[in-house]
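Visitor: predicted coordinates and the sequence they were generated for:
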Amino acid sequence: MISVLLVDDEALVRAGLRMILETAADLTVVGDAGDGHAAVDAVTRLRPDVVLMDLRMPHLGGIAATAAIRALAEAPAVVVLTTFNTDDDVFQALAAGATGFLLKDTPPAELLHAVRMAAAGDSMLSPAVTRQVITRLTAEDLGGRRRDALARLDPLTERERQVLVEIGRGHPNAEIAARLYMSEATVKSHVTHLFEKLGTTNRVQLAIAAFRAGLVE
């Protein structure tokens, strides 16, 4: 059973998310919080597998709350729910350790899929969010920056580079395993090595590294 904590300052949004999640037999909502301080406290008490996090909240916002949660021992995955009004919030949440981004109007089936992927260690990005993130970041990575991004990949083996490309294309581990003719366990091992060699903490950051180096267009 995958346990989920809901974090949003609007009670109606939390109630709607709870209704959607509780339609799935393998998901359970263990609690909710209306601001970032309450979210951090709830995580330490309830130990959820996944946190669905709003960005705009009073007292302590979603970015700071994400950073505080991800700094905890055995931290849960954090998936940001956003209306995508401000790009900067999304980029800062990435740096804080968010493992996925969804728009608040994401269809219920995709929301359930995203929670399951986050619990399994994969990332789920709304296509609209992905396009905005990659467009903005890669626009800044021309000339020497592209060369620097490529040089950063020098420590990677050929197989690790292939896995990085597939992550950049948005494929989860199971699909990568099928596409590269390797076991899912081997893919997970390569992903772990990528985190270590590139100094990243989640798959979104790996995807960005692939785009910045020009491995994925």
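Guide: Nice, I can see it. For clarity, every value in this text was computed on a predicted model and none was experimentally measured. Numbering: from 1, shown residues only.
Visitor: when you work out contacts or count neighbours from here on, use the C-alpha atoms and nothing else.
Guide: Fine.
Visitor: ok, now which ones touch the residue nearest the centre of the chain?
Guide: In the chain, the residue lying closest to the centroid (CA atoms, centre = their mean) is residue 99, at 1.6 Å. Residues near residue 99 by CA atoms under 8 Å, 6 or more residues apart in numbering: 77, 78, 79, 80, 118, 122, 123, 124, 202, 203, 204.
Visitor: can you redo those residues as CSV with neighbour count?
Guide: What follows is the contacts of residue 99, written out as CSV (neighbours: other CA atoms under 10 Å):
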residue, neighbour count
77, 28
78, 29
79, 26
80, 27
118, 21
122, 23
123, 27
124, 26
202, 22
203, 25
204, 26
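Visitor: closest to residue 111 out of these?
Guide: If you rank the contacts of residue 99 by distance to residue 111 using CA to CA, residue 124 comes first, at 9.1 Å.
Visitor: show me where this structure has strands.
Guide: 2-7, 27-33, 50-54, 77-82, 100-103, 124-125 (DSSP state E).
Visitor: and these as CSV, adding mean pLDDT?
Guide: Formatted as CSV, these follow (pLDDT from 0 to 100):
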stretch, mean pLDDT
strand 2-7, 96
strand 27-33, 95
strand 50-54, 94
strand 77-82, 88
strand 100-103, 79
strand 124-125, 64
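Visitor: now the ones you listed as TSV including distance to residue 163?
Guide: Below are these laid out as TSV (distance: least, CA to CA, whole Å):
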stretch	distance to residue 163
strand 2-7	27
strand 27-33	29
strand 50-54	25
strand 77-82	21
strand 100-103	19
strand 124-125	17
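Visitor: of those strands, which is nearest residue 19?
Guide: strand 27-33 (9.4 Å).
Visitor: same for that closest one, what does it pack against?
Guide: strand 2-7, helix 11-21, helix 36-46 (3 or more CA pairs under 8 Å, 6 or more residues apart in numbering; DSSP states H and E).
Visitor: most tightly surrounded among these?
Guide: Comparing these by mean neighbour count (mean count of other CA atoms under 10 Å), strand 2-7 comes out on top with a mean of 24.
Visitor: what's the closest of the helices and strands packed on strand 27-33 to residue 156?
Guide: Nearest to residue 156, of these and by CA to CA, is strand 2-7 at 33.3 Å.
Visitor: quick one: list the elements packing against the closest one.
Guide: helix 11-21, strand 27-33, helix 36-46, strand 50-54.
Visitor: what angle sits between it and strand 77-82?
Guide: Put simply, strand 2-7 runs at 40 degrees to strand 77-82, going by axes from the mean of the first three to the mean of the last three CA atoms, to 10 degrees.
Visitor: could you check how far strand 2-7 is from the centre of its chain?
Guide: Mean-position distance between strand 2-7 and its chain equals 15 Å (CA atoms, centre = their mean, to the nearest Å).
Visitor: fine by me, we can end here.
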